[in-house]
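Undergrad: need a structure here:
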Amino acid sequence: MSRVGKQPIPIPKGVTVTITKNELKVKGPKGELTQSFNPDITIREEDGHLLVERPTDQRHHRALHGLTRALVNNMVVGVSEGFSKQLNITGVGYRAELKGKDLVLHLGYSHPITMHSSTTLGFEVPDDKRGTVIIVRGIRKDEVGQMAAEIRKKRPPEPYLGKGVAYSDEIIRRKAGKSGKK
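TA: This is a model prediction of the structure:
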């Protein structure tokens with residue numbers, strides 16, 4: 001049995017789950033998410049928990065079992081708590097600012113770069129950090145991770161001075177640079 005797939009998913013207070021034929025709708029304080037799943041996998045609610053079950057031990061059913069459970073868990077956590085990724089900006093003159101709900105990045109190019117928010121995704125730039133920290137928040141884990149990756153891709157950290165946009169928990173391997181004449 002799948003170690004991930006067999007674990008029950010607790011449903012927190014304030015979250016409602018609607019299960020139809022092969023579609024799951026989860027509604028909570030942060031928003032609402034809908035996802036359709038493979039009809040072979042069964043999702044059922046039992047005394048405050050969601051259970052994901054597979055019909056056989058065939059390879060494709062085993063693969064779908066853990067995947068479906070992880071996706072359902074991410075939906076429940078997303079509408080109840082939400083997800084966030086923090087990015088740090090390093091470099092002279094590099095900064096971020098909010099214009100309305102959109103994020104404007106100044107990363108040393110001749111023009112500012114604008115990243116647009118959506119209904120399930122938002123940005124936060126703490127004032128006390130002077131625009132060097134960006135927090136991407138949302139209810140969909142995949143959207144938050146993708147947007148953080150797209151922001152990082154605009155100016156990845158370079159190995160000599162460490163300038164650029166990096167995740168807060170990312171370790172940048174630094175190089176020594178030129179040693180000069182002796």
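Undergrad: Gly177 contacts Tyr160, doesn't it?
TA: Yes - Gly177 lies in contact with Tyr160 (CB atoms under 8 Å); the separation is 5.4 Å. C-betas here are computed from N, CA, C, even on glycine.
Undergrad: quickly list what's touching both of those two.
TA: Common contact partners of Gly177 and Tyr160 (CB atoms under 8 Å, 6 or more residues apart in numbering): none.
Undergrad: immediately after whichever strand in the chain runs longest, which helix or strand?
TA: When the chain is parsed with DSSP state E, its longest strand is strand 83-90. Using DSSP states H and E, the next helix or strand after strand 83-90 towards the C-terminus is strand 95-99.
Undergrad: so which other helices or strands are in contact with the longest strand of the chain?
TA: strand 133-138, helix 141-154, strand 164-167 (3 or more CB pairs under 8 Å, 6 or more residues apart in numbering; DSSP states H and E).
Undergrad: okay, these, which one's buried deepest?
TA: strand 133-138 (a mean of 22; mean count of other CB atoms under 10 Å).
Undergrad: just checking: what are the partner strands of it?
TA: The pairing partners recorded for strand 133-138 under DSSP bridges are strand 83-90 (antiparallel), strand 121-124 (antiparallel).
Undergrad: okay, now Arg140: neighbour count?
TA: 21 (other CB atoms under 10 Å).
Undergrad: tell me how far Pro29 lies from Gly78.
TA: 11 Å (CB to CB, to the nearest Å).
Undergrad: ok, the two, which is more surrounded?
TA: Gly78 (23 against 12).
Undergrad: what sits against Thr90?
TA: Thr132, Pro157, Gly162, Lys163, Gly164, Ala166.
Undergrad: Throw those residues into JSON lines and include pLDDT and distance to Ile9, thanks.
TA: Shown next, in JSON lines, are the contacts of Thr90 (pLDDT from 0 to 100; distance: CB to CB, whole Å):
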{"residue": "Thr132", "pLDDT": "91", "distance to Ile9": "37"}
{"residue": "Pro157", "pLDDT": "95", "distance to Ile9": "36"}
{"residue": "Gly162", "pLDDT": "88", "distance to Ile9": "40"}
{"residue": "Lys163", "pLDDT": "94", "distance to Ile9": "42"}
{"residue": "Gly164", "pLDDT": "95", "distance to Ile9": "38"}
{"residue": "Ala166", "pLDDT": "96", "distance to Ile9": "33"}
